[in-house]
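In: pasting the sequence and the predicted model now:
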Amino acid sequence: MKKINHWVNVSLISLCTIGLLGLLLRSKIVFSIPFINYNHLVEAHSRFTFSGWVTLALFVLMVRELLPESENRKKYNMLFAGISITSWMLLIVFLWKGYNALSIIVSSFFILLTYIFGYVFVKDISKAKLSRDVRWLAVSSMICLVISSFGLFVIDYIYFSHSFEAFLYRDSLFTYLHFQYNGFFSLSIMALFFNNIKSIIPDSAKRSINNFIAVLLISLIPSLFLSYLWQDPNSLFRIIAIAGSIFVLAACLLFVRTSLLLKSAFKTEKPVIRFLILISMGSFVLKLFLQCFTIFPVIGNAIFGNRPVIMGFLHLVFLGFVSLFILALYAKRGILDDTKIVTKAGLIVFASGVLLNETFLISQGLITMFGPGSILLPWLLWAIAIWLFAGTVLIAIARMKSKSIQ
């Protein structure tokens with residue numbers, strides 16, 4: 001157990017680093033910092049967020065929670081070591097040179113390691129004692145992780161061929177993000193979520209859970225076409241996108257219904273954990289709601305054409321849904337000792353920072369849609385970045401002070 005919890009420590013160090021990078025990005029906007037290349041910093045921040053924090057943390061939790069009999073196996077620790085090392089290499093290379101041949105090579109090696117993990121994990125999970133729904137979610141998340149990498153490979157091709165095809169680049173990027181955010185991230189968390197509460201799920205909720213998972217999985221391919229509506233595609237694409245929108249809306253409604261049926265199951269959770277799960281699952285519902293309504297041009301153009309709104313949507317998933325769920329599960333399992341004041345303070349500071357960040361990002365997007373931008377909002381977002389970074393530091397300190405490692 002201690003071996004695998006070592007990688008939890010590494011993931012929390014990565015979260016602190018991401019908080020620092022986010023603060024540097026916001027500082028670069030409001031201050032003149034000529035020695036920092038903004039584009040390199042953006043690339044480093046996004047790549048390290050995906051690899052060093054979310055992917056590593058989800059992999060560790062998937063092995064820890066779904067394959068407890070395998071958690072001390074050498075193969076997983078070797079894979080976690082490789083993923084951690086290549087993640088930090090990606091950070092350094094992108095900060096140093098940005099998007100170039102070296103960063104592509106390192107990125108390809110990281111992708112290869114995720115392929116190996118996916119193969120080993122799927123083999124092991126097929127023999128694990130899990131419910132059919134959890135197994136479907138976990139295996140599907142690995143498939144989506146592999147498919148998402150194809151978008152990156154196309155972007156690499158565009159770079160090496162010097163073709164710079166704007167349509168192909170944007171579609172490839174949206175394909176990558178779709179299968180990461182709506183595929184790998186969402187399905188992994190749902191697998192962990194339902195596996196975690198399997199012993200307290202009332203019979204009245206089981207059918208609703210099965211229906212939600214089925215519709216969520218079915219929605220993955222047609223909802224991809226919602227990401228292509230920005231280019232005003234042909235009628236076939238629109239029909240598939242409409243079908244995707246209907247499936248996503250159905251998944252949203254089924255999840256809300258399921259959550260209401262599971263409400264009593266969370267009454268025994270500690271207040272801080274319940275607070276984090278509430279925000280996380282609320283962010284997931286909001287994500288589904290916004291995603292299905294991108295079929296309407298007004299909303300779709302706002303999400304795919306307005307940078308602050310795009311950032312708000314991406315951060316809603318990454319911070320609100322994914323990161324808060326990971327931290328809630330860390331606290332629930334005693335990895336973060338939620339009886340300590342510093343732990344509670346760190347989690348509350350970080351969660352409140354997430355809510356403030358979303359509020360002001362969306363406000364910035366709405367303001368720029370209807371008129372000139374506000375000079376005050378960049379400063380407010382900079383202050384929130386400090387707040388978020390402080391939260392990550394407190395969480396890391398809480399982990400170091402935690403005496404019980406489970």
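Out: Right, received. Where do you want to start?
In: how many neighbours does the closest residue to residue 355 other than its chain neighbours have?
Out: Of all residues not flanking residue 355 in the chain, residue 279 sits nearest, at 7.1 Å (CB to CB, 6 or more residues apart in numbering). Every residue, glycine included, has its C-beta placed from N, CA and C. For residue 279, the number of neighbouring residues by other CB atoms under 10 Å comes to 21.
In: what of residue 376?
Out: 10.
In: would you check how far apart it and residue 134 are?
Out: Per CB to CB, to the nearest Å, residue 376 is found 46 Å from residue 134.
In: and if you look at residue 393?
Out: According to CB to CB, residue 393 and residue 134 sit 34 Å apart.
In: so for the two, which residue has more residues nearby?
Out: Ranked by neighbour count (other CB under 10 Å), residue 393 and residue 134 place residue 134 first, with 22 against 17.
In: which pLDDT value goes with that one?
Out: Per-residue pLDDT puts residue 134 at 92.
In: ok, then the element right after the helix or strand where it lies?
Out: For residue 134, the element it lies in under DSSP states H and E is helix 132-161. Sequence order places helix 166-177 as the next helix or strand after helix 132-161, per DSSP H and E.
In: next secondary structure after that following helix?
Out: helix 186-196.
In: what's in contact with whatever helix or strand comes next after that following helix?
Out: As assigned by DSSP H and E, the chain's next helix or strand after helix 186-196 is helix 203-224. Helix 203-224 is contacted from outside by 133, 136-137, 140, 144, 175, 178-179, 182-183, 186-187, 190, 194, 201, 240-241, 243-245, 247-248, 250-251, 254-255, 257-258, 261-262, 291-292, using CB atoms under 8 Å, 6 or more residues apart in numbering.
In: select only the buried ones of these in PyMOL?
Out: The following PyMOL line selects those of those that are buried, judged by 16 or more other CB atoms under 10 Å:
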select buried, resi 133+136+137+140+144+175+178+179+182+183+186+187+190+194+201+240+241+243+244+245+247+248+250+251+254+255+258+261+262+291+292
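In: look at residue 337 and tell me its secondary structure.
Out: Counting by DSSP: H, G, I helix; E, B strand; the rest coil, the backbone at residue 337 sits in coil.
In: what's around it, how many residues?
Out: Neighbourhood size, residue 337 [other CB under 10 Å]: 18.
In: now the one 4 residues further on
Out: Burial of residue 341 is recorded as 8 neighbouring residues (other CB under 10 Å).
In: could you dump stretch 330-345 to PDB, C-alpha only?
Out: Written as PDB, here are the backbone C-alpha positions of stretch 330-345 (Å, rounded to 0.1, in the frame of the first residue of the first chain):
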ATOM      1  CA  TYR A 330      -8.100  11.000  -1.300                       C
ATOM      2  CA  ALA A 331      -9.800  12.400   1.800                       C
ATOM      3  CA  LYS A 332     -12.300   9.600   2.100                       C
ATOM      4  CA  ARG A 333      -9.600   7.000   1.900                       C
ATOM      5  CA  GLY A 334      -7.500   8.700   4.600                       C
ATOM      6  CA  ILE A 335      -4.800   9.600   2.200                       C
ATOM      7  CA  LEU A 336      -5.600  13.200   3.200                       C
ATOM      8  CA  ASP A 337      -6.400  13.200   6.900                       C
ATOM      9  CA  ASP A 338      -9.700  15.200   6.900                       C
ATOM     10  CA  THR A 339      -9.700  15.400  10.700                       C
ATOM     11  CA  LYS A 340      -6.800  17.900  10.600                       C
ATOM     12  CA  ILE A 341      -7.500  21.600  10.400                       C
ATOM     13  CA  VAL A 342      -4.900  22.200   7.700                       C
ATOM     14  CA  THR A 343      -6.500  19.500   5.500                       C
ATOM     15  CA  LYS A 344     -10.000  21.000   5.900                       C
ATOM     16  CA  ALA A 345      -8.600  24.500   5.200                       C
END
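In: can you list the buried residues in it?
Out: If you call a residue buried by 16+ other CB under 10 Å, then stretch 330-345 has these buried ones: 330-333, 335-338, 342-345.
In: where does the stretch 51-200 of the chain dip in pLDDT?
Out: 69-72 (pLDDT under 70).
In: report the contact partners of residue 190.
Out: Contacts of residue 190 by CB under 8 Å, 6+ apart are 137, 213, 216.
In: next one: it from residue 214, what distance?
Out: The value you get for residue 190 to residue 214, if CB to CB is used, is 12 Å.
In: farthest-apart pair in the buried residues of stretch 330-345, please.
Out: By the measure CB to CB, 333 and 345 form the most distant pair in the buried residues of stretch 330-345, at 19.6 Å.
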